[in-house]
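>>> Provided below for reference: sequence and predicted model.
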Amino acid sequence: MANSHSAQKVRLVGEVTIPGDKSISHRAIMFGSLANGTTRVTNFLLGEDCLSTIDCFRKLGVHIDVQDEEVIVYGKGIEGLTEPNSVLDVGNSGTTARLIMGILSGLPFHSVLVGDESIAKRPMKRVSNPLRLMGASIDGREDATYTPLSIRGGKLNSISYHSPVSSAQVKSSILLAGLFANGTTVVTEPEKSRDHTERMLKAFGCDLKVDGNSVSITGNQSLKSTSVTVPGDISSAAFFLVAGSIIPNSEILLKNVGVNPTRTGILTVLERMGANITLENEKIVNGEPIADLRVKSSELKATTIGGEEIPTCIDELPIIALAAALSSGETIIKDAEELRVKETDRIQTVVEELTKLGVNIEATKDGMIIQGESSLKASNVKSHGDHRMGMMLSIAALVAEGETEIENIECIAVSFPNFKEQLNELIK
């Protein structure tokens, strides 16, 4: 289905409630399932990816009650999960697939993981390799590179693993397997990736140590249930932060957004480009920093993004590319090969779709080069079934001259079910 937007002279004014953070919502269900006792989760993201996680843990024998205001997880303890009698379908969720692999590797039964067409193309060997080193038996297409995956869990040994990629999913999967292993498991990354797992495991009473880019966890610990308040997802907030910056005479207040320093690359990059963003009401909840973000329109200038900054804004690079197209000067995004193995090859799709709208942008092996001061012209564009592409193109349509049609806009529901309504309420 296509969705059309036409750019009049709009401005965006008002308040937005950003849906719960996807990464933290997934982990609250997983850790709550492994904990002893009842965990209550408020502001849970009821998007398709997180519902896939709930579905998988229900199949593993966990009772999970989804209510309007909260999700209640009746934890079974670290060894209380039971063998599923059907396949575990992760849908479109890479986080579900990779993190659950770590848990299933330590449990004494057989399970099969499947997902949708997009998951079937995403690399799983980065997780299956270290888990095999710990003693897990994992099979799958192309030697466990791709789903479907068959996992026969059991006794695991601790390892000290140097990950070739900075990936919170890889790190988290190994740490979760480490909970079941003998001895102390250590994961070291080239750059520090997002640390929601470390913060939340501590909130569940787990003892782990962080030392620079290394994290260590000792096996055979038990988790204690807790209450989790999920902050608003900064990756979802990013679309409004850019929209408020590039559309003249705009002012938007985004309430209760997570500002974990491993995720705030979008704020650093936009502020360097000259954006007017202020943090208000800062506080810490469940070990996670939260704030209200106020953005006012401003003149943006080009920048270069690369190196250790990339893991802190990897999911925001599509919307940063749009901001760059409307800035003055040439923006370079580099060291971002990881974009090629997201829901789509995001380097390819961002370049393809923004080119249709008249942006002067070229792909490189590990990123893109974007010439600023583009005047966007309406076109027919595609989301490629990627929620972040769908939202980026919705913002682009507001600044493009004429009426833009976006194909397959429904995919936005994966992470931001009421995005369109929230955006429409701001248009003045």
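Here it is on my side, so go on.
>>> Where in this protein is the helix or strand with the lowest mean pLDDT?
Every helix and strand of the chain was ranked by mean pLDDT, DSSP states H and E. The lowest is strand 2-7, at a mean of 58.
>>> quick one: the residue nearest to R199 when sequence neighbours are not counted from L398, how far?
Distances taken as CB to CB, 6 or more residues apart in numbering place G287 nearest to R199, at 4.0 Å, with adjacent residues excluded. Using the backbone N, CA and C atoms, a C-beta is placed for each residue, glycine as well. Distance of G287 to L398, computed by CB to CB, to the nearest Å: 36 Å.
>>> do L270 as well
According to CB to CB, L270 and L398 sit 17 Å apart.
>>> One more: D335?
30 Å.
>>> Compare the two (neighbour count), which wins?
Neighbours were counted for D335 and for L398 using other CB atoms under 10 Å; L398 has more, 21 against 15.
>>> Remind me what the helix or strand where that one lies packs against, helices and strands.
Remark: L398 resides in helix 387-399, with elements defined by DSSP states H and E. Judged by 3 or more CB pairs under 8 Å, 6 or more residues apart in numbering; DSSP states H and E, the packing partners of helix 387-399 are strand 2-7, helix 234-246, helix 317-325, helix 346-356, strand 380-382, strand 402-407, helix 419-426.
>>> now the angle from it to helix 234-246?
Following axes from the mean of the first three to the mean of the last three CA atoms, to 10 degrees, one obtains 10 degrees for the angle between helix 387-399 and helix 234-246.
>>> Am I right that E282 falls within a helix?
No: remark: E282 does not belong to a helix; assigned using DSSP: H, G, I helix; E, B strand; the rest coil, it is strand.
>>> Against K192, how distant is it?
When E282 is compared with K192 (using CB to CB), they lie 21 Å apart.
>>> So if I had to pick from these two, which one is more boxed in?
Between E282 and K192, counting by other CB under 10 Å, K192 is the more crowded of the two (19 against 10).
>>> can you tell me which residues contact that one?
Residues near K192 by CB atoms under 8 Å, 6 or more residues apart in numbering: 166, 212-213, 262, 308, 311.
>>> got JSON lines for those residues, with pLDDT, distance to G372 and neighbour count too?
Formatted as JSON lines, the contacts of K192 follow (pLDDT from 0 to 100; distance: CB to CB, whole Å; neighbours: other CB atoms under 10 Å):
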{"residue": "S166", "pLDDT": "89", "distance to G372": "28", "neighbour count": "20"}
{"residue": "G212", "pLDDT": "95", "distance to G372": "36", "neighbour count": "8"}
{"residue": "N213", "pLDDT": "96", "distance to G372": "34", "neighbour count": "17"}
{"residue": "T262", "pLDDT": "89", "distance to G372": "28", "neighbour count": "16"}
{"residue": "E308", "pLDDT": "87", "distance to G372": "24", "neighbour count": "13"}
{"residue": "P311", "pLDDT": "85", "distance to G372": "25", "neighbour count": "23"}
